[in-house]
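Peer 1: Predicted model and sequence below, questions to follow.
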Amino acid sequence: MIQKENKTENKTEFLTKAKFTKMIGQCVIEKRMTHIDAIVYLCDENGIDIQDVKKYVSNVVKSKLESEAQALHYIPSNNDGKLPV
């Protein structure tokens, strides 16, 4: 059990936004996941607490997450169904 904890610490020790973004992109393409699912999957696989992942998520991924969440009606869309006047 102790060895497993050390391995997860080593995996996340050198994790950067760029690496995590690349890992997300690979999961989306190879495993045909949404960005939301890819982040949850990567957190589970690498022993990262889901609450701590915010520091690894790039602005590009954040915008894709927002689009997915709006499409799934998890958050309200920006336009509220109204045409711009």
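Peer 2: That came in fine, so what should we check first?

Peer 1: For the chain, which residues score under the pLDDT cut-off?
Peer 2: The chain contains residues with pLDDT under 70 at 1-13, 79-85.

Peer 1: for it, what spans make up the helices?
Peer 2: Assigned by DSSP state H, the chain shows helices spanning 2-13, 17-30, 35-46, 59-71.

Peer 1: Which secondary structure elements does the last one sit against?
Peer 2: Helices and strands touching helix 59-71, as assessed by 3 or more C-beta pairs under 8 Å, 6 or more residues apart in numbering; DSSP states H and E, comprise helix 17-30, helix 35-46. All C-beta spots, glycine's among them, are computed from the backbone N, C-alpha and C.

Peer 1: ditto for the second one
Peer 2: Using 3+ C-beta pairs under 8 Å, 6+ apart as the contact test, the elements touching helix 17-30 are helix 35-46, helix 59-71.

Peer 1: List of residues touching the last one?
Peer 2: Residues outside helix 59-71 that contact it (C-beta atoms under 8 Å, 6 or more residues apart in numbering): 21, 24, 34-36, 39, 57, 75-78.

Peer 1: ok, and the most crowded of those?
Peer 2: For the contacts of helix 59-71, the largest neighbour count, defined by other C-beta atoms under 10 Å, is 25 neighbours, found at residue 24.

Peer 1: That one and residue 37 touch, don't they?
Peer 2: No. The pair residue 24 / residue 37 is not scored as a contact, 9.9 Å apart, by C-beta atoms under 8 Å.

Peer 1: What about residue 58? Give its phi and psi, please.
Peer 2: Residue 58 adopts backbone torsions of phi -80, psi 170, taken as degrees, to the nearest 10.

Peer 1: if I pick it, what's in contact with it?
Peer 2: Applying C-beta under 8 Å, 6+ apart, we find residue 58 in contact with 17-18, 20-21.

Peer 1: let's go with 10 Å and repeat that
Peer 2: Shown in contact with residue 58 (C-beta atoms under 10 Å, 6 or more residues apart in numbering): 16-18, 20-22, 24, 64.
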